[in-house]
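Asker: Task: produce atomic coordinates for the following.
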Amino acid sequence: MIRYDILPTRCGDLLVAINESGLVHVDFVAGLRALPEMSGWQQDHGALAPYLAEFDAYFTGRLQHFTLPLAAHGTTFQQAVWQALCDIPYGETRSYSDIARAIGKPDAVRAVGAANGRNPLSIIVPCHRVIGQNGSLTGYAGGLEIKKVLLALERSN
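Answerer: A predicted model of the protein is given here:
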């Protein structure tokens, strides 16, 4: 059973979904990526309240490290990339090449980009902290404007 709720944020509505093990999906409703098929999901504000409270604290600059249980599914490679993303300190950025080196696969830059793009836990697994080698902002499932806002939020705190 997947339960979800929608959290209004300064960047737009955020879909937050959990199962019995933890977070399975976090994404901006109006983002560039299609939302998952939600038939059979149940909206449950009570069950999501602790999760939504942490997101609210993040968006108001009171939280830099999430403590929520995660239950995202992915390949071994994707999981390694997502863990490397979690290792990027709040307010800092890394390039796709940096992530590829961090997981011991320096030639897998494109695969790192693909795994980054399949991250089901936006913000929690901070794919917004990944930028191009030249410092440019690159794709983000929520859209580049949201990526700019998230990076600015973190840099100001």
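
Asker: if I look at residue 103, how far off is residue 109?
Answerer: 11 Å (C-beta to C-beta, to the nearest Å). Where C-beta positions appear, they are placed from N, C-alpha and C, glycine not excepted.

Asker: er, residue 92 actually
Answerer: For residue 92, the distance to residue 109 - C-beta to C-beta - is 19 Å.

Asker: same question, residue 75
Answerer: 17 Å.

Asker: between the two, which one's more packed in?
Answerer: Between residue 75 and residue 109, counting by other C-beta atoms under 10 Å, residue 109 is the more crowded of the two (17 against 10).

Asker: check contacts around that one.
Answerer: Residues in contact with residue 109 (C-beta atoms under 8 Å, 6 or more residues apart in numbering) are 96, 97, 100.

Asker: I figured the second one hits residue 106, correct?
Answerer: Read that as residue 97. Yes: in this structure, residue 97 is within contact of residue 106 by C-beta atoms under 8 Å, at 7.3 Å.
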